[in-house]
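> curious how this folds, go ahead:
(one chain, ligands or ions: 1)
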Amino acid sequence: MKVIRSRRQRVCILIALLFVVLARESNASSRPKVRVLSTGGTIAGVQLNDEAPAYRAGTASAEDLIRAVPQAKKLADISVEQICNIGSQKMKNSIWLTLAKRLNEVLKDPDVDGVVITHGTDTMEETAYFLSLVSKSDKPVVMVGSMRPSTAISADGPMNLYNAIALAVNRNAKGRGVLVTLNDEIHYAREVEKSNTTGLNTFVSPNRGRAGLIQAGDAVFFSEPSLKYGLRSEFSVDLLAELPQVEIVYAYSNVGRDTIDYLVNKGVRGIVLAGAGEGNATDEALAGLQDAAKRGVAIVRSSRVGSGIVRRNIEVNDDRMGFIASGELNPQKARVLLMLGLTMTTDPNKLQNYYYEY
Ligand code: ASP
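As a prediction, the model looks like this:
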């Protein structure tokens, strides 16, 4: 059938079409903008074959991860950047510095409303705490991973990622520092710990509890974050090319001082004791640590227990031995704070104060 339209009708149709296109455009640009910084992990893991549980973390790309959650496009305009693609057991100080500097640049971009960082769960708590101390913005920063690789039956990555994107655009997530989400839970960077090698409920916040819960993108917060982080933190990566070397020494029955002496001779700037109980160790190990402190190595006593507080001067006389007590920080987080603390001071009293403040 032939349709004959007047010139006037054609102009009207054109104008109407233009309105439709413009309306669509403005609808798209009114969505919040989320940048996804991808670093790898099991969430980007791919099984070696369908039958076996073995897989290689850090294989799928950032784009692949987003493609698995098409629903997230309704929440935000999403752009992606691949920072690295590794299992987080391979995380290094140098990658932390690159990631933190890039994160701060992205957060400064007025076109970004929130950031999601995909990451392996093995060291996520360390990266989250590090970033919470050096990122300078109130915009939401949400770290997310998964316990099952992307090719697994009932992979948990897509829902975790959907929740992370929802959190990154949630006004109520602003100003809370770096958040971690997994298994429908929200945790604060300072509190979260990996507690199970394979369970979906691996993340816990043993001392101060979870930050909240999230279901299909709908978040409820239970508490405010405690202590200093983000804009109130005095630590900065801006001028840092590297972090001071700080190592962790594990305590167990019969532990001697050989490892401690080795590290001191190697020139480490700090040692964190993953102590038994409330940061305890054998007399030999403590003597090694006391000698290290005398040589100017910062010694922090933490605990291998996984929860609770290491206070000063309980079973170990920190005042006499020149030690620092880690408070609520587990050894891996105590190491993060000590590395950043040592960029500011070597004074054990000032370093001790950081453990009260952060
Ligand atoms: N090894 C993995 C990683 O940390 C484990 C995970 O992501 O769950 O990258």
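
> from the stretch 101-250 of the chain, which residue is nearest to the ligand?
At 1.9 Å from the ligand, Gly120 is the closest residue in the stretch 101-250 of the chain, using Cβ to the nearest ligand atom. (C-beta placed from N, C-alpha, C; glycine too.)

> which bits of the stretch 1-150 of the chain sit near the ligand?
Within the stretch 1-150 of the chain, the positions near the ligand by Cβ under 6 Å from any ligand atom are 41-42, 57, 87-89, 120-122, 145, 147.

> highest neighbour count among those?
Neighbour counts for these were taken using other Cβ atoms under 10 Å; the highest belongs to Gly41, with 33 neighbours.

> for the closest residue to it other than its chain neighbours, which three-state class applies?
Of all residues beyond its chain neighbours, the one nearest Gly41 is Gly120 (3.0 Å), with distances taken as Cβ to Cβ, 6 or more residues apart in numbering. For Gly120, the secondary structure call by DSSP: H, G, I helix; E, B strand; the rest coil comes out as coil.

> just Arg148 next, same as before
Of the three states, Arg148 takes coil according to three-state DSSP.

> what strand or helix carries the residue positioned nearest the centre of the chain?
Central residue check for the chain by Cα atoms, centre = their mean: the C-alpha nearest the mean position is that of Ala128, 2.0 Å away. When secondary structure is defined using DSSP states H and E, the element that contains Ala128 is helix 124-134.

> gap between Lys333 and Trp96?
Per Cβ to Cβ, to the nearest Å, Lys333 is found 13 Å from Trp96.

> more neighbours: which of the two?
Set side by side, Lys333 and Trp96 show more neighbours around Lys333, with 25 against 21, by other Cβ under 10 Å.

> doesn't Val34 fall inside a strand?
Yes. If the criterion is three-state DSSP, then Val34 is within a strand.

> hang on, the earlier thing: what does the pLDDT read for the residue nearest to Gly41?
According to the per-residue confidence, Gly120 scores 98 in pLDDT.

> next: the one 5 residues further on.
The per-residue pLDDT reported for Glu125 equals 99.

> what ranges do the strands span in the stretch 51-200 of the chain?
55-56, 77-86, 114-118, 141-144, 178-182, 185-188, 193-194 (DSSP state E, counting those that start in this stretch).

> could you dump the ones you listed into a markdown table and include distance to Val46 and mean neighbour count?
Formatted as a markdown table, the strands of the stretch 51-200 of the chain follow (distance: least, Cβ to Cβ, whole Å; neighbours: other Cβ atoms under 10 Å):
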| stretch | distance to Val46 | mean neighbour count |
| --- | --- | --- |
| strand 55-56 | 6 | 16 |
| strand 77-86 | 11 | 16 |
| strand 114-118 | 14 | 28 |
| strand 141-144 | 18 | 28 |
| strand 178-182 | 19 | 29 |
| strand 185-188 | 25 | 25 |
| strand 193-194 | 21 | 20 |
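
> much appreciated, bye for now.
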